[in-house]
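1. sequence and predicted model, in that order:
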Amino acid sequence: MWSDNETKTDFLNFEDTVGSVADILRRKDLHPLSLGLFGGWGSGKSSLLQMVMEEMEEESDAIVLYFDAWRFQGYDDARAALLETIGQKLYDIAADNVGFKDKALLLLVRIDKLRTL
């Protein structure tokens, strides 16, 4: 079996798709927004996501985080881990804003309580 390693190099000619997805993500009138990406094993889903993330990281007002749900066994574990990943990212980017950093810390504490329950 082949290894499943995503890449940021466009070997599958996804440039137009990456641009379209990034344009949709930039449209504030569509927020909140959920996008689904479907395809068979090896079709390039992870690589497409890596390329979109790379393009969106160039945006000054975009917060990009990566979360691999496959690492978690149960629904509750994945949900709590996703919340913790979001909270930690918000806490990390709030280094210069004390009020925002305090709110992010409170969110992380609430997530820890959720995990305990």
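-> Received it, and whenever you're ready, just let me know what you need.
2. okay, helices next: where are they in this protein?
-> For the chain, applying DSSP state H gives helices covering 15-26, 45-57, 75-93, 98-116.
3. which elements pack onto the last one?
-> Contacts of helix 98-116 with other secondary structure elements, assessed using 3 or more Cβ pairs under 8 Å, 6 or more residues apart in numbering; DSSP states H and E, are made with helix 75-93. Placement of C-beta: from N, CA and C, glycine included.
4. chain center to the helix it packs on, what's the gap?
-> In this view, helix 75-93 has its centroid 10 Å away from the chain centroid, taken as Cα atoms, centre = their mean, to the nearest Å.
5. what residues does that helix touch?
-> 63, 65, 67, 69, 71-72, 100-101, 104-105, 107-108, 111-112, 114-115 (Cβ atoms under 8 Å, 6 or more residues apart in numbering).
6. just want the angle from that helix to helix 98-116.
-> Using axes from the mean of the first three to the mean of the last three Cα atoms, to 10 degrees, the interaxial angle of helix 75-93 with respect to helix 98-116 works out to 160 degrees.
7. export helix 75-93 to CSV, keeping only CA atoms.
-> C-alpha atoms of helix 75-93 as CSV (Å, rounded to 0.1, in the frame of the first residue of the first chain):
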residue,chain,number,x,y,z
TYR,A,75,-16.8,11.5,18.9
ASP,A,76,-16.5,13.1,22.4
ASP,A,77,-12.7,12.9,22.2
ALA,A,78,-12.6,14.5,18.8
ARG,A,79,-15.1,17.2,19.7
ALA,A,80,-13.1,18.1,22.9
ALA,A,81,-9.8,18.0,21.0
LEU,A,82,-11.2,20.3,18.3
LEU,A,83,-12.4,22.8,20.9
GLU,A,84,-9.0,22.6,22.7
THR,A,85,-7.1,23.2,19.4
ILE,A,86,-9.3,26.2,18.6
GLY,A,87,-8.9,27.6,22.1
GLN,A,88,-5.1,27.1,22.1
LYS,A,89,-4.8,28.8,18.7
LEU,A,90,-6.8,31.8,19.9
TYR,A,91,-4.7,31.9,23.1
ASP,A,92,-1.5,31.8,21.1
ILE,A,93,-2.4,34.6,18.7
